[in-house]
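Asks: Just a sequence and a predicted model for now, questions to come.
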Amino acid sequence: MFKKMASASLVDRIYRPSPDDFYRNYVRRNTPVVITGVANEWPAVARWSPEYFRTAFADARVMFTAWESNNPRNDPEDYYQKRRRLCSRLGPFIDYLHSSDNTSRDYITQFPIFKEIPQLKDDIRPLEPYMNIPPYLPAGVREKLQKMPTMWLGPAQTVTPIHFDSADNFLVQIYGRKKLTLVNPAQSDSLYYPCLRLGHVIYSPVDVEEPDYDRFPRYRQATPFEATLESGEILFIPVRWWHHARSISESISLNFWWFSARSLLRMRHPYFLYKTSRLLNKLKSNSKRSTD
Ligand SMILES: O=C(O)CCC(=O)C(=O)O
């Protein structure tokens, strides 16, 4: 039985918080929030669009995720089995995105755009003040605590199935609109965590937009949150929070992951370590059985 998602609560929104207020009220409480009034001033928000990239950086190489499937549903298991990572030049990728016969779900995901096009870095502003990275740490260490930002660019209706990450995250909407659904890590059981057959415990088999309650009845217990990001808005996704993304229009986002003692502790939580080691043991014994 497939059902549309039950109504979700909205993620809080705050206008241009001070880094201290943001840290005290959201990071320390491990609570997602949409920050407005900060990234909207970035040149990237005024300048970037698929058309701009096509004109200015047509030869840049990008990697994208292709998900070809007979299954019209956004079933996470189908996604993890069938997705492929492919390479293209930005110009032809965007031409195809705009062509009338494009029915694909090709999506530039998690791509380190500043490595490929370093000058684009001038179009963003540092988010480090909001990351509460101690300023007395050597510059090299402060840099190591932040992953290189990555870009997500694709047509309307791309979907990233629900999963969680091992670091805190700012997802910045640069162009277009995107809807996020979030579930508190305390409700991981309702997402069938840890799901051993998906290849990694950070993934869930539940399609949170149209849950199949016959297969996943525990998802009825979940109380998801939702946020629709407009360009120039930033979603703080705390470490371990489950998140699902759907672009509502053509969309460009950047995400900024960073590590802290807090995020490392949460990932090294005994429960997580216990579940991960059980998964690894199970995978090891399965592969041993298949080679015996
Ligand atoms: O925007 C998306 O499609 C997914 C983003 C995401 O999963 C992330 O920033 O961790």
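Replies: Alright, I've got the coordinates.

Asks: so residue 123 makes contact with residue 52?
Replies: No: if you go by CB atoms under 8 Å, residue 123 and residue 52 don't touch, sitting 10.3 Å apart. All C-beta spots, glycine's among them, are computed from the backbone N, C-alpha and C.

Asks: now residue 228: how far from the ligand?
Replies: Relative to the ligand, residue 228 is positioned 13 Å away (CB to the nearest ligand atom, to the nearest Å).

Asks: For the protein, which residues are neighbours of the ligand?
Replies: When proximity is defined as CB under 6 Å from any ligand atom, the chain approaches the ligand at 152, 160, 165, 169, 171, 178, 243, 245, 253, 255.

Asks: so which of the residues you listed comes closest to residue 217?
Replies: Each of the residues of the chain next to the ligand was checked against residue 217 using CB to CB; the closest is residue 243, at 22.2 Å.

Asks: which SSE is the closest one in?
Replies: Assessed by DSSP states H and E, residue 243 sits inside strand 242-247.

Asks: What is the subsequent helix or strand relative to that strand?
Replies: Downstream of strand 242-247 (by DSSP H and E), the next one is strand 251-258.

Asks: any idea of the angle that next one forms with strand 242-247?
Replies: Counting by axes from the mean of the first three to the mean of the last three CA atoms, to 10 degrees, strand 251-258 lies at 160 degrees to strand 242-247.

Asks: what comes into contact with the very next helix or strand once past strand 251-258?
Replies: Later in the chain than strand 251-258, the nearest helix or strand by DSSP H and E is helix 261-267. Residues outside helix 261-267 that contact it (CB atoms under 8 Å, 6 or more residues apart in numbering): 27-28, 30, 166-168, 185, 239-240, 272.

Asks: quick one on the thing from earlier: pull the most distant pair out of the residues of the chain next to the ligand.
Replies: Among the residues of the chain next to the ligand, 165 and 178 lie farthest apart (CB to CB), at 16.3 Å.

Asks: So which of these two has more stuff around it?
Replies: residue 178 (27 against 19; other CB atoms under 10 Å).

Asks: At which residues are the helices of this protein located?
Replies: 19-22, 43-47, 50-56, 76-82, 90-98, 113-116, 139-144, 261-267, 270-291 (DSSP state H).
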